[in-house]
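Engineer: next comes the sequence, and after it the predicted model I'd like to discuss.
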Amino acid sequence: MDQMRTDLAEEVSESTKGSGEGNRLVLAVKEQSEIQGLQAADIPYHLWENILARLPISNLFRMLSVCTAWNSMVQSDSFLMAYKRVPPQDLFFILFAENCNRNVVAAYNPIDDKWVVIPMSYMSSSCPCSVTCSRLRKPIVSGGGLLVAENRKGSLVVCNLFTKTHRILPPMLSMKSPYVVAMVVYPERDSEYQILVVSTVDGISSQVYDSRSDSWKICGSFDGRFAMLGNAAHLDGFLFCLTHGPDNLLAFDVDAGTWDLVEVTMPPVVCPHILEHEGSLILVGGIEELGVLKKIIIWELDESVKQWQKVCSMPDHLFSKFSHGNLNHFFTVGLWGKICFYRNYSPVIFMYDLLENRWWGLPHCPLYSRLCKPSWFCLALEPRLDAMV
């Protein structure tokens, strides 16, 4: 135990450089220890647990790779209890290169402005029934620290990329041409989650997977006819879903399992994406002229007047670089008020921070090369060790 404390003291000192709250806690403990004439190794084990639980996961993994004492601690029940009390410290935008190397993904941390590469080989080697049984074929949606993907056998898989755990879900209930729209994770309920699947054949019908019962349940239908549903944002117990053909906004009551049309006029946009930020709905979309995108605009829904109010637009010089002079489609993903803009086969990726009103370009993604220009797919995650599949 004494050697473990010494190792932890050394590793925490190195790994918390520039890491926010965890760094401040370590410095405070060191200062107090010096006042009392103590060595770092004399600090109680439970105090180290509380300090380490507040480190961003990127710092934790650096420690995990070099410290056996840390490996033992993160597996303890007492550490996980301390960890559960701490809100998420990290945000990652996970970029999948769909037509290139599927054994790795690239994760961008906007706080550090850095990419890290995460191996995915465990998805096949950990499955006892078949080499390719659980290997991911297509990522779909994310929620909290988890993501939903489809494996090579067509089954849905829930994954935690950071703990290297996954669960293959039971088959969906019978439904015409179903597809996944959203995932909702409940951290306050030990990371229980629900997954919404819809069919837009002959109106909207839906079913929900609940991790508590490990089962699907048919719930909710809507008579309106739409070509398809877009992405969804979770707010106040509702999933607000964009519809295409025609463009509208629907609200799905997760508890009641009912659908309603939101009475709001949608702006005439292409490539729309909806997200939640500080209790409001945010809409991102492109303005098109003669089949060519000319602007990318961000709106916020003013519920008092049921209108979308413009927040800002991508600056012209950034839009010019992003569009390469001919833009007809782009993709958006957002979390914590940070919005990522990307397009297929292009290395140019931009971010916008709603809180700071700041735009910036991302560093070069390690998965992109001249020999491999990927078809990108991006998901945003709050990496957590306690996000259980």
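Structural biologist: Yep, it's here.
Engineer: for stretch 86-103, the distance to its chain's centre please.
Structural biologist: Taking the mean of its C-alpha atoms, stretch 86-103 sits 8 Å from the chain's own mean (C-alpha atoms, centre = their mean, to the nearest Å).
Engineer: for the nearest residue to P139 once chain neighbours are set aside, helix, strand, or coil?
Structural biologist: Spatial nearest neighbour of P139, excluding adjacent residues (C-beta to C-beta, 6 or more residues apart in numbering): A149 at 4.5 Å. Just so you know, the C-beta spots here come from the backbone N, C-alpha and C atoms, and that holds for glycine as well. Following DSSP: H, G, I helix; E, B strand; the rest coil, the label given to A149 is strand.
Engineer: contacts only, for A149.
Structural biologist: L136, R137, K138, P139, I140, L156, V157, C159 (C-beta atoms under 8 Å, 6 or more residues apart in numbering).
Engineer: just the buried ones from these?
Structural biologist: L136, P139, I140, L156, V157, C159 (16 or more other C-beta atoms under 10 Å).
Engineer: in space, what's closest to the first one - neighbours in sequence excluded?
Structural biologist: This points to L136. A149 (4.5 Å).
Engineer: for the fourth one, same thing?
Structural biologist: By the measure of C-beta to C-beta, 6+ apart, the closest residue to L156 outside its immediate chain neighbours is L169, 4.4 Å from it.
Engineer: surely K306 and L261 touch.
Structural biologist: No - look at K306 against L261 with C-beta atoms under 8 Å: they stay out of range, at 12.0 Å.
Engineer: so the closest residue to D247 other than its chain neighbours versus G224, what's the distance?
Structural biologist: Sequence neighbours aside, M266 is the residue nearest to D247 in space, at 4.6 Å (criterion: C-beta to C-beta, 6+ apart). Relative to G224, M266 is positioned 14 Å away (C-beta to C-beta, to the nearest Å).
Engineer: and if you look at A97?
Structural biologist: Taken as C-beta to C-beta, the span from A97 to G224 is 37 Å.
Engineer: check A107 too.
Structural biologist: Using C-beta to C-beta, A107 is found at 38 Å from G224.
Engineer: before we move on, what about F162?
Structural biologist: Taking C-beta to C-beta, one finds F162 at 39 Å from G224.
Engineer: got it, and P315?
Structural biologist: For P315, the distance to G224 - C-beta to C-beta - is 37 Å.
Engineer: cool, and L47?
Structural biologist: To G224, L47 is 57 Å away according to C-beta to C-beta.
Engineer: what do you get for L379?
Structural biologist: From L379 over to G224 (counting by C-beta to C-beta), the distance is 28 Å.
Engineer: thinking again about what came up before, got a pLDDT number for the residue nearest to L136?
Structural biologist: A149 carries a pLDDT value of 94.
Engineer: from S213, how far out is it?
Structural biologist: A149 is 21 Å from S213, by C-beta to C-beta.
Engineer: can you check V105 too?
Structural biologist: Relative to S213, and taking C-beta to C-beta, V105 is found at 30 Å.
Engineer: neighbour count: the two, which is higher?
Structural biologist: V105 (24 against 8; other C-beta atoms under 10 Å).
Engineer: isn't that one right up against L161?
Structural biologist: Yes - in this structure, V105 is within contact of L161 by C-beta under 8 Å, at 7.1 Å.
Engineer: joint contacts of those two?
Structural biologist: I94, I118, M120.
Engineer: distance to I51 and neighbour count added to the residues you listed, as TSV?
Structural biologist: What follows is the shared contacts of V105 and L161, written out as TSV (distance: C-beta to C-beta, whole Å; neighbours: other C-beta atoms under 10 Å):
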residue	distance to I51	neighbour count
I94	28	20
I118	25	15
M120	31	17
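Engineer: out of these, which are inside strands?
Structural biologist: I94, I118 (DSSP state E).
Engineer: L196: which of the shared contacts of V105 and L161 is nearest?
Structural biologist: Set against L196, the nearest of the shared contacts of V105 and L161 by C-beta to C-beta is I94 (20.4 Å).
Engineer: may I have the beta-bridge partners of that closest one?
Structural biologist: Applying DSSP bridges to I94 yields these beta-bridge partners: A107, L379.
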